[in-house]
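Undergrad: Could you look at this predicted model? Sequence included:
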Amino acid sequence: MLTSIWNRFPRRAEKQSGFSIICAFNNQEKLDRFLLESLRGQSVPFEILTIDNRNGEFASAPRILNETARKAKYDLLMFVHQDVALGSSSWLADVQKILRRLKSLGAAGVAGRSSKDMFASVSHGNPPKPAESCQFKHPVPVQTLDGCLMIVPKVVFLEQGFDEATCNGWYLYIANYCLDLARRGRKVYVLPHEVYHESMGPSDPAVYETAKTDLLKKHRDHVKRIYTTVGVWKT
């Protein structure tokens, strides 16, 4: 079931400048405690579009996320996990400002990997500890982003949505999307804006195998290696 929980500053909606925050959730308590709580103090216009998957109704992330994104009204789409908390009350405003300066922007996130290193502005655990990654203070170009959070200009997403044929489950669809963007001349960045992410991902890497096989098959003629936050693979 798709629901819109919040819609901030509706009188300013005609300007379309803000964030449409899209989240598929299967745990209401986590959604409330992490994502929704961290959004309460934000100062820029936003709406939240949630997809209730507590009963497992949706088997494919790309399909339901594409459908939801088409209903979004703001110029920036943020696809985010239920257990992500933004690091400050100015997070959306700070990110909005920096995205305007990025050249050929396709997507931006908080964790990703290039051929050189892993980059992340994410902490995990209690007490929170930074994820292991290369230190950085400015946006860094990467090949792919982690799936916990990705921001895409709506105009870009309308040209290139998630690939429902290649990625018909819940894994590696963000990595696939980043590779699709690169083939269209778009760049992907990791931002130095901190978030907390409770989950550290599946403990069993075998869950990625089917998605990995499809990813390698699709992109083998375009890249020699695929660099992701869950592995580096020769195509």
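TA: Looks like it arrived, so ask away.

Undergrad: CA atoms only for stretch 91-98 - export them in PDB, please.
TA: The C-alpha atoms that make up stretch 91-98 are tabulated as PDB, following Å, rounded to 0.1, in the frame of the first residue of the first chain:
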ATOM      1  CA  TRP A  91      20.900  17.800   6.200                       C
ATOM      2  CA  LEU A  92      18.400  18.300   3.400                       C
ATOM      3  CA  ALA A  93      19.200  22.000   3.000                       C
ATOM      4  CA  ASP A  94      23.000  21.300   3.000                       C
ATOM      5  CA  VAL A  95      22.600  18.600   0.400                       C
ATOM      6  CA  GLN A  96      20.200  20.600  -1.800                       C
ATOM      7  CA  LYS A  97      22.800  23.400  -1.900                       C
ATOM      8  CA  ILE A  98      25.700  21.100  -2.800                       C
END
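
Undergrad: What residues of it count as buried?
TA: 91-92, 94-96, 98 (16 or more other Cβ atoms under 10 Å). For glycine as for every other residue, the C-beta is placed from the backbone atoms N, C-alpha and C.

Undergrad: so what's the spatially most central residue of the chain bridging to?
TA: Centroid-nearest residue in the chain, with Cα atoms, centre = their mean: residue 150, separated by 2.2 Å. Per DSSP bridges, residues listed as beta-bridge partners of residue 150: residue 79, residue 109.

Undergrad: For it, which residues are in contact?
TA: 78-80, 107-109, 174, 177 (Cβ atoms under 8 Å, 6 or more residues apart in numbering).

Undergrad: Could you do residue 61 as well?
TA: Counted by Cβ under 8 Å, 6+ apart, residue 61 has contacts 24, 162, 167, 169-170, 173.

Undergrad: Keep only those of these that are in helices.
TA: Counting by DSSP state H, the contacts of residue 61 place residue 173 in helices.

Undergrad: are any of the contacts of residue 61 buried, and which?
TA: Buried subset of these (neighbour count, 16+ other Cβ under 10 Å): 24, 162, 167, 170, 173.

Undergrad: all helices for this protein, in order.
TA: With helices called from DSSP H, the chain shows them at 28-30, 37-39, 61-69, 91-99, 154-159, 173-183, 209-219.

Undergrad: Need the winner for burial among those.
TA: Comparing these by mean neighbour count (mean count of other Cβ atoms under 10 Å), helix 173-183 ranks first with a mean of 23.

Undergrad: Just list what it packs against, helices and strands only.
TA: For helix 173-183, the packing partners by 3 or more Cβ pairs under 8 Å, 6 or more residues apart in numbering; DSSP states H and E come out as helix 61-69, strand 105-109, strand 144-145, strand 187-190, helix 209-219, strand 225-228.
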